[in-house]
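J.: show me the folded form of this:
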Amino acid sequence: MGIITKFFLTVLALLLVSQVVPGITIASFYIALIVAVVLGLINLILKPILLILTLPINLLTLGLFTFVVNAGIFWFVSTFIDGFSVDGFIPAFVGAFIIAIVHWSAEKLID
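T.: Below is the predicted model:
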């Protein structure tokens, strides 16, 4: 799947999450574009470092702690982008989980 396809899929998933999950709001399509770019950059740069640092607990939970790392990154991004807000850890967890499911299902359908 191409990088442009994944980017726009993330934007659409963010807009879906803002409509479905209470506690997550995105002001506009433009804000969703910015959030997708920032999430992509943080997942590219910071997520590998976080996964290495949390490796022991990740091994104990058989990889399920990765969902917590994803939720933390999702919540972290909402702290510095105006127009994108997440009202707590639970909405961040559900939102990150839905985005992961959308990406996974799209990869299965496209490939």
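J.: strands along this protein, start to end?
T.: 24-26, 84-86 (DSSP state E).
J.: the last one pairs with which strands, parallel or anti?
T.: Which is strand 84-86. According to DSSP bridges, strand 84-86 has the following sheet partners: strand 24-26 (antiparallel).
J.: which of the strands of the chain sits closest to residue 55?
T.: Nearest to residue 55, of all the strands of the chain, is strand 84-86, at 25.8 Å by CB to CB. From N, CA and C alone the C-beta is placed, and that goes for glycine too.
J.: and the closest one, what's its mean pLDDT?
T.: Averaging pLDDT along strand 84-86 yields 94.
J.: in space, not sequence, find me the middle residue of the chain.
T.: residue 96 (4.2 Å; CA atoms, centre = their mean).
J.: that one and residue 67 touch, don't they?
T.: Yes - if you go by CB atoms under 8 Å, residue 96 and residue 67 touch, sitting 7.0 Å apart.
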